[in-house]
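>>> Okay, sequence plus prediction incoming.
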Amino acid sequence: MSIDTLRADFPILARQVHGKALVYLDNAATTHKPYSVTDRIVAFYENENAGINRSLHALADEAGTAYEAAREAVRAYLNAHSSSEIVFTSGTTESINLIAATFGEAFVREGDEIVVTAMEHHANLVPWQRLCNKTGAVLRVVPIDESGVLRLDSLEELINGRTRLVTVTHVSNVTGIVNPVSEITAMAHARDVPVLIDGAQAIAHHAIDVAALDCDFYVFSGHKIYSAAGIGVLYGKHHWLDSLPPHHSGGGMVTSVSLEHSHFERAPLRFEPGTRNVAGAVSLEAALEYVMALGMEEITSHEGALLRRLEEGLREMKGTTVHGEADRRCCSLSFNLDAAHPADVGMVLDKLGIAVRTGTHCAQPYVDAIAGKATIRASVALYNTRKDIDKLLDGIERAAVILR
Ligand SMILES: *Cc1c(COP(=O)(O)O)cnc(C)c1O
């Protein structure tokens, strides 16, 4: 399929911003939606809308069937063993908070240790800080080297008999660095420690096979892979999910309730109280279908070529610093202009219709370590073009002149 045909699936890409054609390179923050996704949401509300699991009428049955079909689609996409290992949440943030709360309640005590890394998004750092503050457990942090890459030798040393969980991002949302999550999982499993992977940045750019990775938990957000916001996934190995207590409680996650006591459903329903986001779930199914129809290999190589072009262009420019290492990168690239503040560069680019992210990207400790205060981040998706990258490079050169 030609890139123009593909881009026509995403109506927002035809927009103008400040009188200029939109160049959207903030896909690590959120992605745009193809018609197949928005059409599916409309079709759900126009034809199937109902509260599921609690009514016996036809619409409730159809909506419930659609919701479970979406769960099965996610299972197949991740190559999980069973759809009971797929919990629908509101997103990565809720998925991680759910594990921190429930895993924490069941397994983390004073003096225990949780291993995180120095490159985590705040969503995979703050919940563990809070858990440690609450329980008296200790947060151990895997450091990074000068180029922003995790130091696996340190990880090896940090895992010990008190380690209860290792958690790591699959791909950095700042530098785009891909972590060797299979290797990390094997290292932790060698000491019987379970592993949680934050897949928010990997899901739209890499084929994910949780059976092959052998990770215990894998989480992501639908909106970063072209579906609606407000839907996300927590994959957990069956025996783990089944050993965790409920998180939020209420209707739909109980088998029987008296005024004094309740009996809880098994996973995944145990973790899905309240009225569910069925439209979000079916939009995620439509998004996964869209991605599969294009083929993940195709997407990965297209996006890789864009990032390499960007990196080459930046390295040719005087007075720019690119963070991280090219051969480990996917989907995002962070850089700085030596002579200009990132926020000022972002403002110049915006006036040219170019959307990038500037600042600390919800990963302040990492950005502090690699860049000082802030970076400029460009992040690509399947609909970006070489022209987008060339316009960005052009815009950066103009910003460098204006801000000199
Ligand atoms: C975006 C992101 C999150 C948070 O995702 P939400 O959709 O905001 O919950 C967590 N981790 C990483 C690596 C991210 O990129």
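Ah, there it is. Owing to the predicted nature of the structure, the values given are computational and were not obtained by experimental measurement.

>>> which residue is nearest the middle of this protein?
Geometric centre of the chain, nearest residue: residue 200, 0.9 Å, by C-alpha atoms, centre = their mean.

>>> wait, what's in contact with the closest residue to it other than its chain neighbours?
Leaving aside its chain neighbours, residue 200 sits nearest to residue 92 (4.3 Å; criterion: C-beta to C-beta, 6 or more residues apart in numbering). For every residue, glycine as well, the C-beta is placed using N, CA and C. Residue 92 makes contact with 121, 123, 198, 199, 200, 219, 220, 221, 224, 232 under the criterion C-beta atoms under 8 Å, 6 or more residues apart in numbering.

>>> ok, now residue 49?
59, 63, 278, 279.

>>> quick one: it from residue 262, how far?
28 Å (C-beta to C-beta, to the nearest Å).

>>> what does residue 137 give?
28 Å.

>>> Please identify which of the two sits among more neighbours.
For residue 137 versus residue 262, the count of surrounding residues by other C-beta atoms under 10 Å is larger for residue 137: 22 against 14.

>>> I'd say the residue nearest to the centre of the chain and residue 221 touch.
Yes - in this structure residue 200 lies within contact range of residue 221 using C-beta atoms under 8 Å: 5.5 Å.

>>> Can you list the buried residues in stretch 74-83?
74, 75, 77, 78, 80, 83 (16 or more other C-beta atoms under 10 Å).

>>> ditto for stretch 148-162
148, 149, 150, 154, 155, 158, 159.

>>> do the same with stretch 303-310
So stretch 303-310, judged by 16+ other C-beta under 10 Å, has buried residues 303, 304, 306, 307, 309, 310.

>>> Repeat that for stretch 283-299.
For stretch 283-299, by 16+ other C-beta under 10 Å, it's 283, 284, 285, 286, 287, 288, 290, 291, 296, 299.

>>> For that stretch, give me every contacting residue.
1, 6, 9, 33-34, 36-41, 44, 69-70, 73-74, 77, 204-207, 222, 225-228, 231, 233, 382.

>>> Among those, which lie within helices?
Per DSSP state H, helices hold the following members of these: 6, 36, 37, 38, 39, 40, 41, 69, 70, 73, 74, 77.

>>> List buried residues within those residues.
6, 37, 38, 40, 41, 70, 73, 74, 77.

>>> roughly how far is the one helix or strand residue 302 maps to from the heart of the chain?
Using DSSP states H and E, residue 302 maps to helix 296-316. How far helix 296-316 lies from its chain's middle: 20 Å, per C-alpha atoms, centre = their mean, to the nearest Å.

>>> before we move on, what about stretch 125-140?
Distance, centroid of stretch 125-140 to centroid of chain: 22 Å (C-alpha atoms, centre = their mean).

>>> and that stretch, which residues are buried?
125, 126, 127, 128, 131, 132, 135, 137, 140.

>>> which of those residues lies closest to residue 349?
residue 125 (28.5 Å; C-beta to C-beta).

>>> and residue 143, how many neighbours does it have?
14.

>>> State the phi and psi torsions of it.
phi -80, psi 170 (degrees, to the nearest 10).

>>> Tell me the pLDDT of it.
According to the prediction, residue 143 has pLDDT 97.

>>> swap in the one 4 residues further on?
As summarised for this prediction, residue 147 has a pLDDT of 90.

>>> Name the SS class of it, please.
With DSSP: H, G, I helix; E, B strand; the rest coil as the basis, the three-state label of residue 147 is coil.

>>> Please report phi then psi for it.
Per degrees, to the nearest 10, the backbone of residue 147 is at phi -90, psi 10.

>>> Roughly how far does it sit from residue 298?
With C-beta to C-beta as the criterion, residue 147 and residue 298 are 29 Å apart.

>>> before we move on, what about residue 139?
Taking C-beta to C-beta, one finds residue 139 at 40 Å from residue 298.

>>> How is the chain divided into domains?
As assigned by automatic domain parsing, the chain contains the domains 3-27+296-403, 38-293.

>>> Give me the neighbour count for the closest residue to residue 352 other than its chain neighbours.
Spatial nearest neighbour of residue 352, excluding adjacent residues (C-beta to C-beta, 6+ apart): residue 395 at 4.7 Å. Neighbourhood size, residue 395 [other C-beta under 10 Å]: 21.

>>> Same question for the one 4 residues further on.
By other C-beta under 10 Å, the residues close to residue 399 number 22.

>>> near the ligand, which residues of the protein?
Residues of the chain lying close to the ligand (C-beta under 6 Å from any ligand atom) are 28, 91-93, 121, 123-124, 169, 173, 198, 200-201, 221, 223.

>>> at 5 Å what do you get?
91, 92, 93, 121, 123, 169, 173, 198, 200, 201, 221 (C-beta under 5 Å from any ligand atom).
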